[in-house]
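Engineer: sharing a model that was predicted from the sequence below.
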Amino acid sequence: MGFFDKLFGKKEKETLNEGLSKTKESFFGKLAKAVAGKSTVDADVLDNLEEVLITGDVGVNTTLKIINRIEARVASNKYVGTGELNNLLKEEVAALLTENNSTDATSFEIPALPTLPSGEKTPYVIMVVGVNGVGKTTTIGKLSHQFKQAGYKVVLGAADTFRAAAVEQLTIWSQRVGVDIVSQGMNADPASVAFDTLSSAKAKGADVVIIDTAGRLHNKINLMNELTKIKNVMKKVIPDAPHDVLLVLDASTGQNAIEQCKKFTAATDVTSLALTKLDGTAKGGVVIGISDEFKIPVKYIGVGEKMEDLQVFNRTEFVDSLFSQN
């Protein structure tokens, strides 16, 4: 598979449709009740729609923004039938995702490999953060698989040393995918692991480094200090590392995912998001709310158990799957 092969073929689109099916069924079921007996979009319909969006975990602030935009369009057009409501919603959600830096990626690509002042190429470094249980280690494993399939040489760093299971799980994933891993075992200094990982990856001419980090420390101050320490140590090897700080969130937790995002964005400079477990929840609306509230691009979504079921987030495909009537 080449670097620029299209991701959204028929199979991938079917997986996305299936992964969003629970959210879609729940949303359209509630939407049907919201417009029952109504021929036009009036104040009652908008009130009901507001409730549908909030209970769909879109979030209060984002919901009000959507409602206000639809209300303005209804007032402008004078007469809007309830049959047009789905298209109005689709357009406004697509507009929000566009405004919130979400990209229309179609393949697992990294930017041009960073270059030191000496002209030496360095790996693209991704530091992955997130609480325990959100699917962080699994996401790293699937991501490393997708990068390898795209032709990149990948090295993993097991810097979540506060849980023995985390190191073991990442090691199993590295063996399963067939990529190198740097590990010092449980209770090792996470920053030391990160330093060794980048040094090893640089020496081996790797393209991508993915560093796992602890999901929970004793308090937020410790978490902030630890993440800062890891980042500072990495800069000793590659001055502009990490190039991406990826926060992994469990979409099935709905509003709790938004709270986690608040805590981690306060602790470190998060640059992208991955939403997991979309296939097992009706709370897929949280993707819209998180993107809007934090203005951080959603880069990856998990829509199934297979390694190939981690997809790049494509706003056009996402909205199309969410609002399609078939």
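Structural biologist: Structure's in. What do you need?
Engineer: confidence score at the spatially most central residue of the chain?
Structural biologist: The chain has A274 as the residue nearest its centroid, 1.7 Å off, counting by C-alpha atoms, centre = their mean. According to the prediction, A274 has pLDDT 94.
Engineer: so it sits in a helix?
Structural biologist: No. Residue state for A274 (DSSP: H, G, I helix; E, B strand; the rest coil) corresponds to strand; a helix is not indicated.
Engineer: okay, helices next: where are they in the protein?
Structural biologist: For the chain, the helices defined by DSSP state H cover 10-19, 21-34, 43-55, 60-77, 85-99, 136-149, 164-177, 190-204, 220-237, 255-267, 286-294, 315-323.
Engineer: now render those helices as TSV, adding mean neighbour count and mean pLDDT.
Structural biologist: All C-beta atoms are positioned from the backbone trio N, CA, C, and that covers glycine. Listed next are those as TSV, based on neighbours: other C-beta atoms under 10 Å; pLDDT from 0 to 100:
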stretch	mean neighbour count	mean pLDDT
helix 10-19	16	83
helix 21-34	17	81
helix 43-55	18	88
helix 60-77	15	88
helix 85-99	17	85
helix 136-149	23	94
helix 164-177	17	93
helix 190-204	20	96
helix 220-237	17	87
helix 255-267	18	87
helix 286-294	24	89
helix 315-323	20	85
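Engineer: was I right about K136 contacting V248?
Structural biologist: Yes. In this structure K136 lies within contact range of V248 using C-beta atoms under 8 Å: 4.5 Å.
Engineer: so what sits against both of these two?
Structural biologist: 128-130 (C-beta atoms under 8 Å, 6 or more residues apart in numbering).
Engineer: so which of those wins on neighbours?
Structural biologist: Highest neighbour count within the shared contacts of K136 and V248: G130, with 30 neighbours (other C-beta atoms under 10 Å).
Engineer: how's this protein carved up into domains?
Structural biologist: 10-99, 124-315 (automatic domain parsing).
Engineer: for F108, find the nearest of these.
Structural biologist: For the domains of the chain, proximity to F108 was assessed by C-beta to C-beta; domain 124-315 is nearest, at 4.4 Å.
Engineer: first to last residue in that closest one, what's the distance?
Structural biologist: Domain 124-315 has an end-to-end distance of 24 Å (criterion: C-alpha to C-alpha, to the nearest Å).
Engineer: how distant is that domain from the center of its chain?
Structural biologist: How far domain 124-315 lies from its chain's middle: 10 Å, per C-alpha atoms, centre = their mean, to the nearest Å.
Engineer: how near is the nearest residue in space to T281 that is not next to it in sequence to A214?
Structural biologist: Leaving out its chain neighbours, the residue that sits closest to T281 by C-beta to C-beta, 6 or more residues apart in numbering is S252, at 3.7 Å. S252 is 22 Å from A214, where distance means C-beta to C-beta, to the nearest Å.
Engineer: ok, V129 - contacts?
Structural biologist: Per C-beta under 8 Å, 6+ apart, neighbours of V129: 136, 213, 215, 227, 245-248, 264, 268, 270.
Engineer: ok, back up a step: would you turn the domains of the chain into JSON lines with distance to L322?
Structural biologist: Below are those laid out as JSON lines (distance: least, C-beta to C-beta, whole Å):
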{"stretch": "domain 10-99", "distance to L322": "6"}
{"stretch": "domain 124-315", "distance to L322": "7"}
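Engineer: so which of these gets nearest E109?
Structural biologist: domain 124-315 (6.9 Å).
Engineer: isn't the residue nearest to T281 right next to G284, touching?
Structural biologist: No. Using C-beta under 8 Å, S252 is not in contact with G284, being 9.3 Å away.
Engineer: okay, and the common contacts of those two?
Structural biologist: With C-beta under 8 Å, 6+ apart, S252 and G284 have common neighbours L278.
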